[in-house]
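>>> Predicted model and sequence follow; I will ask about them next.
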2 protein chains.
Amino acid sequence: MTKDAPDAAPSRPNLRERQKWRTRADISQVALELFEERGVEHTTVDDIVDRAEVSPRTFFRHFATKEDAALLIHHDFDVALRRHLHRGDRNSPLSTLCGVYSRVLADYGRGEGEAAQQMLRVRALMLNSPALHTAGLRLDTRRAQELLEHFLAEGEWTAHRELQVRMAVETTAAAVRVTLKIWNDLYNSATPADAAELFDQALNSAGIVPGANG
Amino acid sequence: MTKDAPDAAPSRPNLRERQKWRTRADISQVALELFEERGVEHTTVDDIVDRAEVSPRTFFRHFATKEDAALLIHHDFDVALRRHLHRGDRNSPLSTLCGVYSRVLADYGRGEGEAAQQMLRVRALMLNSPALHTAGLRLDTRRAQELLEHFLAEGEWTAHRELQVRMAVETTAAAVRVTLKIWNDLYNSATPADAAELFDQALNSAGIVPGANG
DNA sequence: GCCTATATGGCAGTCACTGTCATGAAGGAT
DNA sequence: ATCCTTCATGACAGTGACTGCCATATAGGC
């Protein structure tokens, strides 16, 4: 495979496949550790591969950039998203996306689960590393592109329809970003909040109504 | 000065100051040309500085990254934005931002003006260069941070208020991105559209109502 | 005309990232 | 068990973005 971001989930885990994902997870964990210890910008790829005991070349076969190594958890997010996203949905893209994101975020709850903890670590790192934050935005862009194609696949194309779908994709993505930011802030305060509830608040506060303009 | 992005507008243009901005504009124009000729990824900084007749070191004193050189026009966008943004606005952040962006985008019209042409060139390049697209998102993030601080400066802080302001900033930024994308598409089609009108359509299609939850 | 601030150039260095080739182990057949 | 294909890994050399440091020249203010 190429050095594109981790792509297909391990559908029928081979031994080879399992080892591949294990290597990926190992590298990702080491990267996360080192980023937390000395900061993203003060960690070199050599530092990571030394502790993870792989060659630099192998690192870049699994991750396109240094920062991507810390974002492996976002891949799980995307997988969950695709699982909740079905073809032939009769609702509008906007209300579909609101529902899907809401369900995915519900799993994060107040941050107790394993995946939630991982996500919280990454969000915390993003606060001090513009590069990592930007890497996250790159993944958002990729996901937005995928969602756009999903919704534009059926029905005839018009500029107005594309504008509508793009807005649905972008505003909900923005809502997710804001949700995760506040969710992380509150987790580190005295009053942790539920991710899905924050997401609802985010949508409401911007006046975004899923039912509008279906 | 440091190699941060171009910051203050030439308020009282010194000779030094004028030369500085001239150098910047020259480098930016050359970068734009070369990016269009051979693509962003196939243009090196050496290529740019050779044609612009400056040293590589000087290049990086003016622009933090290769891609930033092509985004000088975005600085003008930010300046225009700040000009329309006044302190002590009694409206909600969301409706304020909608109004401000609307006024700024109105200047782009259907793409006739000088600034509009420049912006169209950059947007066209972004379609074929993920790196440049990402660099644009970095500037969006910086602007979002600035706007956030602007709106949070007055009034007491609560998590809910921050969520509200962040959503206003992010959703309007998303609307601007979508607007510029479609605007660029339509400019290269048979039926160019007015930027400000597209912006209104973008907001409406997502059900964003400036008056909500002020 | 003098002094300071600052924009520039040159140079060496670090580090992210890539192309290529060789190797060794897994997977699927006989 | 054996052969053969596939593919993950490692080693190595190379490119190119970006930085720190020092020297120089020019504009601005006195």
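Thanks, I have the structure now.

>>> For residue A:126, grab phi and psi.
phi -60, psi -30 (degrees, to the nearest 10).

>>> now do the one 10 residues further on
Note on residue A:136: its backbone torsions stand at phi -60, psi -40 [degrees, to the nearest 10].

>>> Check the one 4 residues further on too.
The phi and psi values for residue A:140, taken as degrees, to the nearest 10, are phi -60, psi -40.

>>> List the contacts of the residue lying closest to it once chain neighbours are set aside.
Of all residues beyond its chain neighbours, the one nearest residue A:140 is residue A:173 (5.5 Å), with distances taken as C-beta to C-beta, 6 or more residues apart in numbering or on different chains. Any C-beta I mention is one placed from the backbone N, CA and C, and that applies to glycine too. Residue A:173 sits next to A:140, A:143-144, B:174 when contact means C-beta atoms under 8 Å, 6 or more residues apart in numbering or on different chains.

>>> same question, residue A:33
Contacts of residue A:33 (C-beta under 8 Å, 6+ apart): residue A:51.

>>> Now it: which helix or strand?
helix A:15-38 (DSSP states H and E).

>>> list the buried ones in that helix?
Of all the residues in helix A:15-38, those buried under the rule 16 or more other C-beta atoms under 10 Å in any protein chain shown are A:20-21, A:23-24, A:27-35.

>>> Sort out which one of these lies nearest residue B:205 for me.
Of all the buried residues of helix A:15-38, residue B:205 sits closest to residue A:28, with 38.0 Å by C-beta to C-beta.

>>> what pLDDT does the closest one get?
We have a pLDDT of 98 for residue A:28.

>>> Please, which helix or strand holds the closest residue to it other than its chain neighbours?
Beyond its immediate neighbours in the sequence, the residue positioned closest to residue A:28 (C-beta to C-beta, 6+ apart) is residue A:72, lying 3.9 Å away. Element membership for residue A:72, per DSSP H and E: helix A:72-84.

>>> Just want the angle from the next helix-or-strand element following that helix to helix A:72-84.
Downstream of helix A:72-84, the first helix or strand assigned by DSSP H and E is helix A:93-106. Per axes from the mean of the first three to the mean of the last three C-alpha atoms, to 10 degrees, the angle that helix A:93-106 makes with helix A:72-84 is 130 degrees.

>>> Could you give the separation of helix A:93-106 from the chain centroid?
When C-alpha coordinates are averaged (C-alpha atoms, centre = their mean, to the nearest Å), helix A:93-106 and its chain have centres 14 Å apart.

>>> State the mean pLDDT of that helix.
Across helix A:93-106, the average pLDDT comes to 96.

>>> If you count neighbours, what's buried in that helix?
A:93-102, A:104-105.

>>> Any figure for the gap between the most centrally placed residue in chain A and DNA strand C?
Nearest to the geometric centre of chain A sits residue A:74, at 3.4 Å (C-alpha atoms, centre = their mean). Per C-beta to the nearest atom of the strand, to the nearest Å, residue A:74 is found 16 Å from DNA strand C.

>>> can you tell me the average pLDDT over stretch A:129-144?
Per-residue pLDDT over stretch A:129-144 has a mean of 98.

>>> before we move on, the earlier item: hmm, which two among the contacts of residue A:173 are most spread apart?
Distances among the contacts of residue A:173 were taken as C-beta to C-beta; the most separated pair is A:143 and B:174, at 13.8 Å.

>>> neighbour count winner among the two?
The residue with more neighbours, out of residue A:143 and residue B:174, is residue B:174; 25 against 18, by other C-beta atoms under 10 Å in any protein chain shown.

>>> Surely that one and residue A:168 touch.
No: the pair residue B:174 / residue A:168 is not scored as a contact, 10.2 Å apart, by C-beta atoms under 8 Å.

>>> so what sits against both of the two?
Common neighbours of residue B:174 and residue A:168 (C-beta under 8 Å, 6+ apart) do not exist.

>>> Any buried residues in whichever helix in chain A runs longest, and which?
Assignment by DSSP state H gives helix A:159-187 as the longest helix of chain A. Neighbour-count burial for helix A:159-187, counted by 16+ other C-beta under 10 Å, picks out A:162-187.

>>> now that helix against helix A:72-84, angle please.
Using the same axes, to 10 degrees: helix A:159-187 against helix A:72-84 is 130 degrees.

>>> that older thread, let me have the buried residues of helix A:93-106 in CSV, extended by distance to DNA strand D.
Below are those laid out as CSV (distance: C-beta to the nearest atom of the strand, whole Å):
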residue, distance to DNA strand D
A:93, 35
A:94, 36
A:95, 39
A:96, 34
A:97, 33
A:98, 37
A:99, 35
A:100, 30
A:101, 32
A:102, 35
A:104, 28
A:105, 32
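
>>> Out of those residues, flag the one nearest to chain B.
Checking the buried residues of helix A:93-106 against chain B by C-beta to the nearest C-beta gives residue A:94 as the nearest, at 6.6 Å.

>>> Next one, pLDDT for the closest residue to the closest one other than its chain neighbours please.
Spatial nearest neighbour of residue A:94, excluding adjacent residues (C-beta to C-beta, 6+ apart): residue A:168 at 4.0 Å. For residue A:168, the pLDDT comes out at 97.

>>> again with the one 4 residues further on
Residue A:172 is assigned a predicted lDDT (pLDDT) of 98.

>>> and if you look at the one 10 residues further on?
Turning to residue A:182, the model gives it a pLDDT of 97.

>>> got the contact list for it?
Counted by C-beta under 8 Å, 6+ apart, residue A:182 has contacts A:193, A:198, A:202, B:159, B:162-163, B:166.

>>> Relative to DNA strand C, which of these is nearest.
Nearest to DNA strand C, judged by C-beta to the nearest atom of the strand, of the contacts of residue A:182 is residue B:166 at 28.2 Å.

>>> ok, the closest one to residue B:137 distance?
16 Å (C-beta to C-beta, to the nearest Å).

>>> so how many other residues sit close to residue A:203?
A total of 24 residues lie near residue A:203 under the criterion other C-beta under 10 Å.

>>> Oops, could you answer that again for residue A:116 instead?
Residues near residue A:116, counting by other C-beta under 10 Å: 19.

>>> ditto for the one 10 residues further on
If you count neighbours by other C-beta under 10 Å, residue A:126 ends up with 23.

>>> Help me confirm that it comes into contact with residue A:139.
No: Residue A:126 is not in contact with residue A:139 according to C-beta under 8 Å; the separation is 11.7 Å.

>>> per-residue pLDDT, the closest residue to residue A:63 other than its chain neighbours?
Nearest in space to residue A:63, with sequence neighbours left out and distances taken as C-beta to C-beta, 6+ apart, is residue A:69 at 4.6 Å. Residue A:69 is assigned a predicted lDDT (pLDDT) of 98.
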